[in-house]
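> Structural data only, the sequence is not supplied:
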C-alpha cells in the first residue's frame with residue numbers, strides 16, 4: 001500500500017540521480033516534465049515544489065522566466081553575500097518576479113543573513129521580504145503540504161516545536177511534516193562532514209528534507225525511503241561568484257498528517 005504522501009518526480013542534475021524513479025532536469029532552457037500521476041491515484045493532485053539555496057546575491061544570473069514552474073517555491077537561505085540592505089531588496093525584487101506569490105514562497109535565513117553586520121532582521125521579515133513568507137522555526141501548510149522551516153541556528157527551537165506537533169510519538173515512527181527545510185545539512189547526508197546532529201534527528205520526522213550551505217555536496221540522496229536534497233546552486237568554495245547548478249523541483253502528494 002502506498003503512503004499518502006510520496007515523491008513522484010524529482011528534477012536534478014544528471015550526475016546526482018541515484019535512484020530509478022528520478023527523472024526530469026530543471027536546467028535553464030530545458031523542458032520541465034509535467035506532473036505525473038499513477039493510475040491508482042489519477043484523481044489526486046500533485047504539488048510541485050521548486051527549491052534552491054545559496055544564491056548569494058547572484059539572482060541576476062537566474063532569469064525568472066527560466067525558473068521551473070511549480071506550486072510552491074522554497075529558498076533555504078544564504079540569499080545574500082554580506083547581508084546588506086541592497087542585497088536583501090534585490091532578492092525580494094527577484095522573488096516578486098517569480099509566479100508563485102507571497103503565500104506560496106517560503107524563505108529562511110542562512111548564515112550570511114545572520115550576525116551583527118547583517119541588515120536582515122527576522123522581526124522585520126514581513127517588511128524586508130514582502131514577496132515571501134518567512135518561516136522562523138515554525139510549521140506552515142501550503143496547498144495541503146506541511147512545511148517546517150529552520151533558519152540558521154534555530155534548530156533547537158524548531159526541534160521543540162516539531163516534538164510538540166508530533167504529540168510524543170516515538171522518533172521516526174511517523175512523519176510529523178511533509179517537508180523539513182533548513183540551511184544547514186543534517187549530519188552524515190550531503191554534508192561534506194559538516195552536518196548538524198539535531199537536524200538529522202529532526203529529519204526522521206519528515207518525508208523530504210531540503211537544505212544547502214555546503215555547496216560542494218549539492219545533490220540528492222534517498223535514505224530509509226526519505227528524500228534529502230542539498231539544493232545549493234552557487235559554485236564550490238567560500239566565495240560565491242556564479243550559479244553552477246540548476247534549481248531542483250519535486251512533485252509530492254498532499255496528505256493529512
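That came through fine. Keep in mind that what you see is a predicted model, and the values were worked out from it rather than measured.

> if I pick residue 162, what's in contact with it?
Contact partners of residue 162, counting by Cβ atoms under 8 Å, 6 or more residues apart in numbering, are 139, 148, 176-177, 202, 205. (Each C-beta comes from the backbone N, C-alpha and C, glycine too.)

> Check residue 159 too.
Contacts of residue 159 by Cβ under 8 Å, 6+ apart are 198, 201-202.

> Now those residues in TSV, please, with extra columns for pLDDT and neighbour count.
Shown next, in TSV, are the contacts of residue 159 (pLDDT from 0 to 100; neighbours: other Cβ atoms under 10 Å):
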residue	pLDDT	neighbour count
198	96	17
201	94	17
202	95	25
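
> As a markdown table, those with secondary structure would be great.
Below are these laid out as a markdown table (DSSP: H, G, I helix; E, B strand; the rest coil):
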| residue | secondary structure |
| --- | --- |
| 198 | helix |
| 201 | helix |
| 202 | helix |
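
> Flag whichever of the contacts of residue 162 scores worst on pLDDT.
Within the set of the contacts of residue 162, pLDDT is lowest for residue 176 (84).

> That one: neighbour count?
Neighbour count of residue 176, defined by other Cβ atoms under 10 Å: 22.

> From residue 144, how far out is it?
Per Cβ to Cβ, to the nearest Å, residue 176 is found 15 Å from residue 144.

> cool, residue 209 as well?
Applying Cβ to Cβ to residue 209 and residue 144 gives a distance of 19 Å.

> now swap in residue 63 and tell me
For residue 63, the distance to residue 144 - Cβ to Cβ - is 30 Å.

> quick one: which of those two has more around it?
residue 144 (15 against 11).
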